[in-house]
Each structure stands twice: as C-alpha cells, then as structure tokens.
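1. Pasting the sequence and the predicted coordinates here, then a few questions.
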Amino acid sequence: MSKGKLGLSASGSSITNILRLLAIISFFLFFFIYFLMVHVSNNDFWWHLASGKYIVQHRSLPQIDPFSYTSHAESTAIKSAILKGNWLSQVIFYAVFSGWGLKGIIVLRSVLLTSFLLLIFLTVKKQGLSDLLTLPLVAGVFFVAITFTGERPQLFTFFIFSLVMYLLEDYRVTGSRKILFVPVATLLSSNMHYGYIVCILLISVYLLGEGISQASKRPWPAYNKRFILLFGVWIFALILSFLNPSNFSILGAILFYKEQIGTRGIVEFMPTLSVYAKKFSSINYAYIGFLILSLFSLRYPRKIGVVNMLILITFTIMSLVSIRYMIFYMCAAAPILARVILYAKEEMLSASSKAILRTKEGFLYGLVFILGAFLVFSEVPALAAYEFRANTTFAVPQEAADFLKGHKIHGNMFNEYGFGGYLIWRLYPEKKVFIDGRDLEDDVHSDYDIIGKAMTEEGRYWADLMEKYGITYIVMPPLTVGGEIIPLVEKMFDMNEWVLIYNDNLALIFLKKDENNMQLISKYAKDKTDGLQTIVIQAAARAMTNPGNPRYFVSLGKVFLRMNKSEEAEKAFTMAYKIDPGNAVVSEYLKKIGEQKTKRLKQ
C-alpha cells in the first residue's frame with residue numbers, strides 16, 4: 001500500500017480528510033444552530049424595520065423624522081446619516097420580515113454571522129495553519145460574536161469586513177485578482193451602515209503598511225505592480241463608498257457621532273475594560289485570550305511584517321477604546337495570531353514531535369469531530385422546541401404595546417430610550433415616541449435625561465419639562481441598563497397625580513390624572529404595589545444573567561423595603577455587599593436594617 005506525504009497510507013489519508021471535513025462541518029453547524037436560538041432582542045432592530053417599511057411604502061428615503069414628535073425639521077449631517085445611511089439593510093430587513101416574519105430575520109442573522117466566521121476560517125487557513133488549530137481560533141471569535149447578535153445593519157458590516165479581510169490577505173499571500181471585488185464590497189457596505197468606514201480603515205492600513213515596506217527597501221523599487229494595484233483598489237473603494245444618500249457629509253457624521261449627548265453612558269461606546277470594571281457585562285475571556293496572545297506577536301515582528309503588525313496594533317487599540325469594536329479586532333487578529341502560533345510551533349516543537357503529531361492527525365480530527373457532533377446533538381432538543389420570537393423578557397414590550405395600541409390616550413408619550421424602537425414599529429402613525437435609539441436631537445436627549453432622572457439641571461425642572469412636551473403617559477421598564485431603579489419610576493410610585501394603569505413582567509405604564517383620560521383611569525387604575533412586583537421580576541431575572549452586578553441586588557433590596565419585607569431586603573443587600581464590599585450605599589442600608597431589627601427585638 002502506497003504512502004502519502006504525511007507518512008499515512010492512501011486509505012489512511014482519505015479517512016483523515018473525511019474526519020477533517022466532518023469536524024469542520026460539525027463545528028460550523030453548531031455555530032449556526034447557536035445563532036438561531038437567540039431571540040430577537042435588539043432595541044434598534046424595530047426602528048430599522050419601521051424605516052424599511054417607510055422606504056418601501058413611500059418609495060423614497062425619509063428627509064425628516066416621521067416617528068417622533070420631538071424631532072426638529074432642521075437637517076444635520078448626523079441626522080442625515082441616521083435617517084438615510086442604513087437604507088439598503090433596512091429594506092432587506094423589511095423584505096425578509098414581510099416574507100417570513102421574525103423567523104426569517106433570525107435565519108438571516110444566523111447566516112450572516114456564520115458566514116462571518118467561515119470567512120475568518122478561510123483567512124486563517126491562508127496563513128498555513130492546520131484545521132486543528134484554526135478551529136480553536138475561530139471558536140474564540142465565536143465566543144465574542146455571540147455577544148454581537150443584535151439584529152442591526154452592523155451584521156452586514158461584520159460580514160463585509162471579514163470578506164474584505166479575506167480578499168486582502170488572499171492578495172497578500174497569493175496575489176489573487178479577487179481583490180478587485182473590494183470596492184464593490186465597500187459600495188454595498190456604505191449603503192447598509194455607516195460603519196463601512198471600518199472597512200475603509202482596514203484597506204488604508206494595508207496600503208500604509210505596504211507603502212512602509214516598499215519605502216524601507218534599498219534600493220527603492222522603481223515599479224511594483226502589487227502596490228499599484230492595491231493603491232488603485234483603495235482609491236476606487238473610497239470613491240464608490242461615497243455613492244450613498246449622504247455622500248461626503250457622512251464622514252463628518254461618523255467622526256462626530258460619538259460626541260453626541262446621546263452616546264454618553266451607552267455601554268457599546270464605553271471602553272471595554274471600563275465596561276468590565278463597572279460590571280455592565282461579564283468578562284469575555286476569549287477576547288482577553290486574544291489580547292494575551294497578541295502580545296506574543298512582539299516576538300516575531302519581522303516575520304509577521306509591517307502590514308499585519310499595523311493592523312493588529314490599530315484594531316487592538318480600537319477594541320480597548322470602545323467595546324463595540326471588539327468583534328472587528330477578533331476578525332482582524334485571528335489570521336495574524338495564526339502566524340504567531342505557526343512561528344511558536346516551529347520554535348517549540350522538535351522534528352520528532354511534529355512527526356508524531358502528523359501520525360496522530362486522523363485520531364485528533366476524530367476527537368474534534370466527536371466533540372463537534374456532541375455540541376450539535378446537545379442543541380437539537382432545544383432547537384426542536386425553539387420558538388422564533390422576540391425577547392419579551394428583557395427587551396421587547398410587546399404586551400404593553402398591545403395595550404397602548406388598543407386605547408386612545410390624550411396627550412403625548414414619554415418612553416424609555418430602548419423601548420422607543422419597538423413602540424415606533426407597533427404604534428406609528430397613531431402614536432409617536434419621545435425618543436428612540438436613533439437619538440436625533442441633542443437637546444431632546446438632554447431633556448430626556450432630566451425627566452428620566454427626575455432632576456433639576458440649569459434651572460430646568462423635570463416636571464416642568466413634562467408640561468412643556470404635553471406628556472400625559474409614561475411607558476418605562478423599571479431598571480436602567482446598569483441595574484438601578486429608574487428615578488422617574490420611583491417618583492411615579494410616590495405621586496398621587498400619576499396612576500399605574502398597566503404592568504407586566506417588563507413594562508410599566510403610568511397615566512396622568514387628566515380630565516381627558518379619566519375614563520381610562522377609572523377602568524384600568526391599579527394598586528401601585530403591582531408595579532413593584534415588575535421591579536422584583538426584572539431585577540431577579542437580570543441578576544441571574546449577570547450575578548456579578550451588585551446594582552440588581554440593591555434594586556431588589558430597595559423594593560423589598562417599599563413592600564415592608566425587611567428580611568428579603570436584608571438578604572438582597574447582603575448579596576450586594578458580598579459582590580461589592582466597598583459600596584457605601586449598601587453598607588448604609590444594611591446598617592439601617594440592623595438598627596431596625598435591634599429596635600424591634602427590644603420592643
């Protein structure tokens with residue numbers, strides 16, 4: 001029997017290849033299934049869907065905001081980018097939703113994210129790494145990708161970014177003319193989401209790196225076809241990327257978007273390590289692992305090359321500056337880290353060790369396939385029972401919207417920022433929102449903060465602002481993203497002129513005592529202690545998903561005190577104290593509860 005290059009018989013090599021393919025297929029099938037079983041949760045998805053519907057029905061892009069009653073008619077670069085810059089992805093979302101509902105959206109999201117991982121797999125393979133080592137790298141990206149499953153235009157950006165990365169690396173390694181597809185990819189991306197600028201940045205860093213490499217050669221090369229072609233691709237990518245409804249003005253919008261008031265305090269704009277330190281999110285250890293592995297690139301800077309070192313440095317910094325860039329770092333870093341692994345393997349393993357590993361290759365692929373098959377089959381029962389629906393536990397106020405849609409309410413709505421997108425989708429045009437994830441007006445967001453935090457700022461009093469906007473009903477979740485009880489919600493429980501008319505496990509609706517709404521109040525007025533139960537449900541459920549955040553337990557403790565359940569309050573504050581012993585607020589509450597307990601015992 002003949003032997004192959006790896007020292008295996010022909011039949012042995014064939015079996016190894018079959019096991020290798022089965023291992024790859026099983027892992028990617030698992031990725032796809034996992035992405036499928038995530039309910040639609042993103043708050044912004046709904047206003048994108050409503051925008052897609054508006055564009056299709058009116059056969060034009062919105063010039064002014066049709067969905068909120070607080071928006072101004074004046075146009076700015078940022079407003080133009082938000083209103084028109086996502087038009088193609090919005091139309092695709094609406095077309096898919098119209099044909100297949102939320103099931104279609106979930107499948108589309110799963111296809112895009114799985115394709116994103118597949119392109120990373122192929123890019124890593126370009127570095128010469130074996131499938132055995134490529135799969136763990138891609139799995140690392142997967143563990144970050146599952147935190148980016150929001151149904152937003154960014155999904156298309158992730159996919160196109162990984163495609164551009166693949167085409168650029170393919171060109172670097174093989175000189176393939178497939179790089180000519182890059183400008184077309186950026187054209188599509190620039191009409192799907194203004195995040196396309198990240199793709200332009202990637203091409204620019206490649207070009208800069210190649211330029212530095214050429215300039216460092218002695219004597220200087222007089223003519224380099226590869227560099228000239230790359231330069232041409234960059235020029236055409238820039239030109240085509242401006243063929244979008246916002247044209248060149250979109251650059252200003254992108255550069256200054258983060259300076260808007262509305263972006264301050266939003267978790268995705270915060271530095272990654274700050275998000276972890278403040279316990280807004282659990283630490284993603286796959287990302288931390290990639291960062292640590294990236295440090296080893298400093299051992300092989302010459303081998304890795306100027307281009308890839310610049311890419312690694314650029315996207316590492318971006319991922320640290322803002323958590324929203326983490327997924328781009330993982331995509332860009334994976335093929336570079338593959339080369340680090342290759343060089344480290346060459347240094348650390350002897351020739352005999354490599355030979356032994358080659359003889360065990362079929363066995364190792366078999367183990368990986370068994371693991372992949374186990375992961376797939378472990379998800380099958382859950383998939384069989386899975387419902388393709390929205391996440392009404394934490395994100396989508398579906399039942400509250402049903403209630404609002406069924407009743408005519410006099411006056412204007414004040415709604416929570418995250419709820420705005422879904423309320424647009426369900427209630428427009430009969431009811432318009434105060435604010436939503438588009439956050440078009442800085443002054444409106446400033447007023448939103450004052451009202452939501454029930455405070456006075458620079459002479460502006462929250463109750464006066466509610467009068468200014470004609471607000472008669474409030475639609476809110478009980479908690480902030482960080483886990484505190486929303487101050488306005490706390491105020492509502494103490495104010496007689498506001499009546500609780502609706503609550504469920506996620507949302508609260510308060511209605512102002514107004515002669516035009518008295519019939520609704522007489523029919524639906526509820527005891528406000530029912531609303532306290534909503535806070536308990538939300539705080540407890542969120543504490544289970546992120547047990548390292550003490551603010552959920554503080555909120556539970558405060559509500560239990562309102563409900564005169566001092567024992568439960570003490571338990572909640574004790575849990576918060578265990579997580580954050582230095583929290584002065586928690587210590588003060590525990591001290592007061594202890595004093596009250598001692599007083600009762602003496603009596």
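-> Sure, I can see it. Since we're looking at a predicted model, the values are computed, not measured.
2. How are the helices of the stretch 251-400 of the chain distributed by residue range?
-> Assignment of helices within the stretch 251-400 of the chain using DSSP state H, counting those that start in this stretch yields the ranges 272-277, 285-295, 301-304, 306-321, 326-348, 351-359, 361-384, 398-405.
3. weakest of these in terms of mean pLDDT?
-> Lowest mean pLDDT of the helices of the stretch 251-400 of the chain: helix 351-359, a mean of 71.
4. Buried residues, it. List them.
-> Judged by neighbour count using 16 or more other Cβ atoms under 10 Å, helix 351-359 contains no buried positions. No exception for glycine: its C-beta is placed from N, CA and C like everyone else's.
5. What residues does Ile327 make contact with?
-> Contacts for Ile327 were tallied using Cβ atoms under 8 Å, 6 or more residues apart in numbering; they are 141, 144-145, 148, 158.
6. who does the helix or strand containing Leu112 touch, helix- and strand-wise?
-> Here Leu112, judged by DSSP states H and E, is contained in helix 87-125. Applying 3 or more Cβ pairs under 8 Å, 6 or more residues apart in numbering; DSSP states H and E, one finds that helix 87-125 contacts helix 10-36, helix 45-58, helix 131-145, helix 154-174, helix 326-348.
7. The longest one versus helix 131-145: what angle between them?
-> What that stands for is helix 10-36. Interaxial angle of helix 10-36 relative to helix 131-145 (axes from the mean of the first three to the mean of the last three Cα atoms, to 10 degrees): 0 degrees.
8. how much does helix 10-36 deviate in direction from helix 351-359?
-> 70 degrees.
9. Likewise for the second one?
-> Interaxial angle of helix 45-58 relative to helix 351-359 (the same axes, to 10 degrees): 60 degrees.
10. can I get the CA coordinates of helix 45-58 in PDB?
-> Taking Å, rounded to 0.1, in the frame of the first residue of the first chain, the C-alpha atoms of helix 45-58 are listed here in PDB:
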ATOM      1  CA  PHE A  45     -33.900  46.500  15.100                       C
ATOM      2  CA  TRP A  46     -37.500  47.700  15.300                       C
ATOM      3  CA  TRP A  47     -36.900  51.300  14.200                       C
ATOM      4  CA  HIS A  48     -34.700  49.900  11.300                       C
ATOM      5  CA  LEU A  49     -37.700  47.700  10.400                       C
ATOM      6  CA  ALA A  50     -40.100  50.600  10.600                       C
ATOM      7  CA  SER A  51     -37.700  52.700   8.400                       C
ATOM      8  CA  GLY A  52     -37.500  49.900   5.900                       C
ATOM      9  CA  LYS A  53     -41.300  49.800   5.800                       C
ATOM     10  CA  TYR A  54     -41.500  53.600   5.400                       C
ATOM     11  CA  ILE A  55     -39.000  53.500   2.500                       C
ATOM     12  CA  VAL A  56     -40.800  50.700   0.700                       C
ATOM     13  CA  GLN A  57     -44.200  52.200   1.100                       C
ATOM     14  CA  HIS A  58     -43.200  55.800   0.200                       C
END
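11. Check which residues of that helix are buried.
-> Buried, per 16+ other Cβ under 10 Å, within helix 45-58: 45-55.
12. Return the residues in contact with the closest residue to Phe143 other than its chain neighbours.
-> Nearest non-adjacent residue to Phe143, counting by Cβ to Cβ, 6 or more residues apart in numbering: Ala286, 3.7 Å away. Contacts for Ala286 (Cβ under 8 Å, 6+ apart) come out as 139-144, 330.
13. JSON lines for these, including distance to Lys602 and neighbour count?
-> Output for the contacts of Ala286, formatted as JSON lines (distance: Cβ to Cβ, whole Å; neighbours: other Cβ atoms under 10 Å):
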{"residue": "Ala139", "distance to Lys602": "60", "neighbour count": "14"}
{"residue": "Gly140", "distance to Lys602": "59", "neighbour count": "22"}
{"residue": "Val141", "distance to Lys602": "61", "neighbour count": "25"}
{"residue": "Phe142", "distance to Lys602": "59", "neighbour count": "23"}
{"residue": "Phe143", "distance to Lys602": "55", "neighbour count": "15"}
{"residue": "Val144", "distance to Lys602": "56", "neighbour count": "19"}
{"residue": "Met330", "distance to Lys602": "60", "neighbour count": "26"}
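14. Using CSV, please lay out these together with distance to Thr472.
-> Shown next, in CSV, are those (distance: Cβ to Cβ, whole Å):
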residue, distance to Thr472
Ala139, 52
Gly140, 51
Val141, 48
Phe142, 47
Phe143, 46
Val144, 44
Met330, 47
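15. ok, the residues you listed vs Ala569, which is closest?
-> Nearest to Ala569 out of the contacts of Ala286 is Phe143 (Cβ to Cβ; 36.7 Å).
16. these two touch, right, the closest one and Ile283?
-> No: applying Cβ atoms under 8 Å as the test, Phe143 and Ile283 come out as separate, 11.4 Å apart.
17. So which residues of the stretch 501-603 of the chain form helices?
-> Under DSSP H, counting those that start in this stretch, the stretch 501-603 of the chain gives helices at 518-524, 528-545, 550-562, 566-579, 584-602.
18. of these, which approaches Glu361 most closely?
-> Once the helices of the stretch 501-603 of the chain are compared by Cβ to Cβ, helix 528-545 is nearest, at 40.4 Å.
19. average pLDDT across that closest one?
-> In the prediction, helix 528-545 has an average pLDDT of 94.
20. quick one, it and helix 566-579 angle?
-> On the basis of the same axes, to 10 degrees, helix 528-545 is oriented at 30 degrees to helix 566-579.
21. same for helix 528-545, what does it pack against?
-> helix 487-494, strand 498-503, helix 550-562.
22. contacts for the last one?
-> Residues outside helix 550-562 that contact it (Cβ under 8 Å, 6+ apart): 279, 478-479, 482-485, 493, 532, 535-536, 539-540, 542-543, 546, 566, 568-570, 572-573, 575-577, 579-580, 583, 585-586, 589, 593.
23. now that helix against helix 584-602, angle please.
-> 30 degrees.
24. picking that back up, just put the helices and strands packed on helix 87-125 in a markdown table and tack on distance to Lys431.
-> Below are those laid out as a markdown table (distance: least, Cβ to Cβ, whole Å):
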| stretch | distance to Lys431 |
| --- | --- |
| helix 10-36 | 33 |
| helix 45-58 | 13 |
| helix 131-145 | 36 |
| helix 154-174 | 28 |
| helix 326-348 | 35 |
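25. among those, which is nearest Lys526?
-> helix 45-58 (26.7 Å).
26. what angle sits between the following helix or strand past that closest one and helix 45-58?
-> Moving toward the C-terminus from helix 45-58, the next helix or strand (DSSP H and E) is helix 77-84. Going by the same axes, to 10 degrees, helix 77-84 is angled at 70 degrees with respect to helix 45-58.
27. Next, the angle helix 87-125 makes with helix 77-84.
-> For helix 77-84 against helix 87-125, the angle by the same axes, to 10 degrees is 90 degrees.
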